[in-house]
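Novice: Give me a 3D structure for the following:
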Amino acid sequence: MGMNRVFKKDPTHGLFRIPTKEERIKLRAGAPLNPLKVLCIPGLMEWLWFLGGLFAWIMDAYDFFSVSMSVTKLVTTFFPTIRDGTPEYDDKVKQVNYSIMLTLLFRPLGAVIFGILADRLGRRWILSVNLLIVAALSIGTAYCEQYGSFLGVRCIFGIGMGGIWGMATATALENMKPAARGLFSGILQQGYAMGYLIAAGVNLGWANKTMYQGEEGNWRVLFYLGAGLSLAAAIVRALLPESPIFIEQQRLRKLQPVAKNPALHFLKELGQMLKKEWMMCIYAVLLMTGFNFFSHSSQDLYPTMLQKAKLLTADQSSTATIISNCGAITGGLIAGYVSQYTGRRIAMIIFIIIGGAMVPAWILPDSFGGLAAGGFFVQVGVQGAWGVIPVYLTEISPAAFRATFPGVAYQLGNMASSASSTIETTGGNNIRIPDPKHPGETIADTATVSAILLGCVAGYLLILVVFGVESDREIKVCDDDPHAKSANEVLLRREMNDIEAAANGPNPELAYVNDKELYEHVNGVPISDTKKEIA
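Specialist: Residues are numbered from 1 along each chain as shown. Model (predicted):
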């Protein structure tokens, strides 16, 4: 869907227009109101593709958070002569945190490399190789004994991690039936929170209690486990077949004149897409910049704020952070489900408002219960809005670049937001509050700065989404090819082949149960009128 097609007289592109009954039916795509029934819509292969993509995304998040949870242990490993509480120690902490920023900066390069390869050669083997590279680099991280080698490995790690989100999203959602995409988008995006929870659990329950060289706490455990799980994710993806949507795209390419140099021809297609869809590309990057700031401003310094300003213990801070991530998972599931009925942008707007409205409850309480509840509901809003993003970007992506477009937009936004923690830290140093531990001294007011940044980002996102593009829910196989089938047609044909096979089996009445609403919606006739014809 080119952006030139959506700029009409209405600058909001129909956001506040009440759709007709026919439009509501089309947008809903036959989705039942009961979310449990929505979970039953995908067939076995759709579930396996989805779980393969979700597993890959969980591992991306797990690997990212493994470093942030090990900062103090990494300082002790790389700078053993520096002691906690000294200015030199704070400088070394900043150096280790610098590796996190470098990882974010190198991610767009990985998104471009692996995204283009996936759009050209297929998702199956490229994502598998990507995960194998991440597994190898996890082991390499665990064997680093010097800060310089650690920094180099993490830079390469950033390239590997950058390719995962776009391919995982394409793997999980492009083959999903239209009626189920909203809910499953919310589940998919919360792989980020799931990865954090797994890393936090491993860190608290295993890494912190493992002895290494006579001392308690071995950060390497996180990376050894990460390598094994990434390898498992690679094997899972390699065992699953290639995406039917990509296979259809390959069929269409074979109908075109054979290019002397296929690689140059593909790059030419990329240039043509950028020329045609440049406004959509800019919009997607601006959107993802805002969303990445939205999440980072609500998460990066949250544990620090709880311990420094609210005097929570380290365990209480970790528990409150885990509770807030449970709110993230809850919000993502609800928002993805709601977006199937309200539209993608309306769902995002609702949850952005929730996130912004909960900011006072996020920073003002002093008790553990109040702070944990505030964190929970802020993340319901923040990650709820995020839950719509995978399906939204997938639906507005140019057909031939469905692994590249979302991945690059996401990672460029991630790179732009890498300065979030620096902005909060610098702002906090300029706004001081009395130190509750040491009367007469002051500490950085990170809570106020984080609240201001979160509020500004919420306002920015509201404006951008209101005047943004509404997806038409149609995932195309090819944008401008008369021979192209829609993705819905490809999926329906595969489903009808399954129905026909079941109808000719020993229990033909079971052939129509799972796909009744989908079939009736696409064909416009009751399934009962077609049973005899199929059987």
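Novice: drop to CA atoms for contacts and neighbour counts, all remaining ones
Specialist: OK.
Novice: Identify each buried residue in the host helix or strand of residue 457, please.
Specialist: Assigned by DSSP states H and E, residue 457 belongs to helix 446-466. Neighbour counts over helix 446-466 (16 or more other C-alpha atoms under 10 Å) mark 446-451, 453-458, 460-462, 464-466 as buried.
Novice: Check stretch 408-424 too.
Specialist: Within stretch 408-424, the residues scored as buried using 16+ other C-alpha under 10 Å are 408-418, 420-421, 423-424.
Novice: would you list every one of the helices in the stretch 1-150 of the chain?
Specialist: With DSSP state H, counting those that start in this stretch, the ranges of helices along the stretch 1-150 of the chain come out as 21-28, 35-39, 44-68, 71-78, 87-121, 123-142, 147-162.
Novice: just checking, what packs against whatever helix or strand comes next after the last one?
Specialist: Looking back up the chat, that one is helix 147-162. The helix or strand immediately downstream of helix 147-162 is helix 164-173, counting by DSSP H and E. Helices and strands touching helix 164-173, by 3 or more C-alpha pairs under 8 Å, 6 or more residues apart in numbering; DSSP states H and E, are helix 44-68, helix 87-121, helix 123-142, helix 181-189, helix 389-396, helix 404-416.
Novice: pLDDT (mean, whole number) over the helix holding residue 457?
Specialist: Averaged across helix 446-466, the pLDDT comes to 92.
Novice: Lowest-confidence member of the buried residues of stretch 408-424, which is it?
Specialist: For those, the least confident position by pLDDT is residue 421, scoring 75.
Novice: Leaving out sequence neighbours, find the closest residue to that one.
Specialist: The spatial neighbour of residue 421 that comes closest, neighbours along the chain excluded (C-alpha to C-alpha, 6 or more residues apart in numbering), is residue 300 at 6.3 Å.
Novice: How about residue 348?
Specialist: Leaving aside its sequence neighbours, residue 348 sits nearest to residue 385 (C-alpha to C-alpha, 6+ apart; 4.5 Å).
Novice: number of nearby residues for that neighbour?
Specialist: Neighbours of residue 385 under the rule other C-alpha atoms under 10 Å: 32.
Novice: measure it to residue 350 for me?
Specialist: Per C-alpha to C-alpha, to the nearest Å, residue 385 is found 8 Å from residue 350.
Novice: before we move on, what about residue 179?
Specialist: 21 Å.
Novice: cool, residue 67 as well?
Specialist: Counting by C-alpha to C-alpha, the gap from residue 67 to residue 350 is 33 Å.
Novice: With neighbour numbers in mind, choose between these two.
Specialist: Higher neighbour count among residue 67 and residue 350: residue 67, with 22 against 16, using other C-alpha under 10 Å.
Novice: Which pLDDT value belongs to the residue nearest to that one when sequence neighbours are not counted?
Specialist: Distances taken as C-alpha to C-alpha, 6+ apart put residue 100 closest to residue 67, at 7.4 Å, once the chain neighbours are dropped. Listed pLDDT for residue 100 reads 84.
Novice: Look up phi and psi at the residue nearest to residue 348.
Specialist: Backbone torsions of residue 385, given as degrees, to the nearest 10, read phi -60, psi -40.
Novice: dump the residue contacts of the residue positioned nearest the centre of the chain.
Specialist: The geometric centre of the chain, computed from its C-alpha atoms, lies nearest to residue 189 (C-alpha atoms, centre = their mean), at 4.2 Å. Going by C-alpha atoms under 8 Å, 6 or more residues apart in numbering, residue 189 touches 332, 386-387, 389-390.
Novice: Ranking by neighbours, what's the top pick from those?
Specialist: In these, the most neighbours by other C-alpha under 10 Å go to residue 387, 36 neighbours.
Novice: Okay, that residue and residue 423: tell me how far apart.
Specialist: In this view, residue 387 and residue 423 are 26 Å apart by C-alpha to C-alpha.
Novice: Equivalent analysis for residue 173, please.
Specialist: As judged by C-alpha to C-alpha, residue 173 and residue 423 stand 35 Å apart.
Novice: I'd like to know which of the helices of the stretch 1-150 of the chain is closest to residue 206.
Specialist: helix 44-68 (12.8 Å; C-alpha to C-alpha).
Novice: Tell me which residues are up against that closest one.
Specialist: Contacts of helix 44-68 (C-alpha under 8 Å, 6+ apart): 97, 100, 131, 138, 161, 164-165, 167-173, 175-176, 188, 191-196, 198-199, 222-223, 226, 229-230, 233-234, 236-237, 240.
Novice: Nearest to residue 249, out of the helices of the stretch 1-150 of the chain?
Specialist: Closest to residue 249 of those, according to C-alpha to C-alpha: helix 87-121, at 9.4 Å.
Novice: which secondary structure elements does that closest one contact?
Specialist: Here helix 87-121 touches helix 44-68, helix 71-78, helix 123-142, helix 147-162, helix 164-173, helix 404-416, going by 3+ C-alpha pairs under 8 Å, 6+ apart.
Novice: Cool, thanks, signing off.
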